[in-house]
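**Q** take this sequence and fold it.
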Amino acid sequence: MPMSGGLGYQGPREIRYLFIDGGSLRGRLANISEKYFGGKTFNIDFANFVAQEKGFTKVFYYDALPVREPNVGMSRSLLK
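**A** Residues are numbered from 1 along each chain as shown. The predicted structure follows:
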């Protein structure tokens, strides 16, 4: 028998994550800035992404390692 006055268990709430690759984002912003805005620096408030009003439960900001280019002298058999 349910208890009166309470809503009871509503199930798991929806969890939404935002992952921001800072290195990639900076590179793309620099390209856009050069192409359309004459190299103007963009000031972005990343704390704004964390705001719960945006609907994200948690925000992860990270810098991924850059893509590694193969060494010119490296054997093709090692690249496979």
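**Q** going forward, measure contacts between C-alpha atoms and count neighbours the same way
**A** OK.
**Q** which pLDDT value belongs to Phe49?
**A** Note on Phe49: pLDDT of 61.
**Q** what does the one 5 residues further on give?
**A** Reading off the per-residue confidence, Lys54 sits at a pLDDT of 75.
**Q** can you count the residues close to it?
**A** 9 (other Cα atoms under 10 Å).
**Q** what does Gly23 give?
**A** 15.
**Q** quick check: chain neighbours aside, which residue is closest to it?
**A** Asp63 (5.2 Å; Cα to Cα, 6 or more residues apart in numbering).
**Q** who's in contact with the one you found?
**A** Residues near Asp63 by Cα atoms under 8 Å, 6 or more residues apart in numbering: 21-24.
**Q** now, which of these lie within strands?
**A** Among the contacts of Asp63, the members falling in strands (DSSP state E) are Asp21.
**Q** so can I have CSV of the contacts of Asp63 showing pLDDT and distance to Ala30?
**A** Below are the contacts of Asp63 laid out as CSV (pLDDT from 0 to 100; distance: Cα to Cα, whole Å):
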residue, pLDDT, distance to Ala30
Asp21, 90, 14
Gly22, 87, 12
Gly23, 87, 11
Ser24, 89, 10
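**Q** cheers, nothing more for now.
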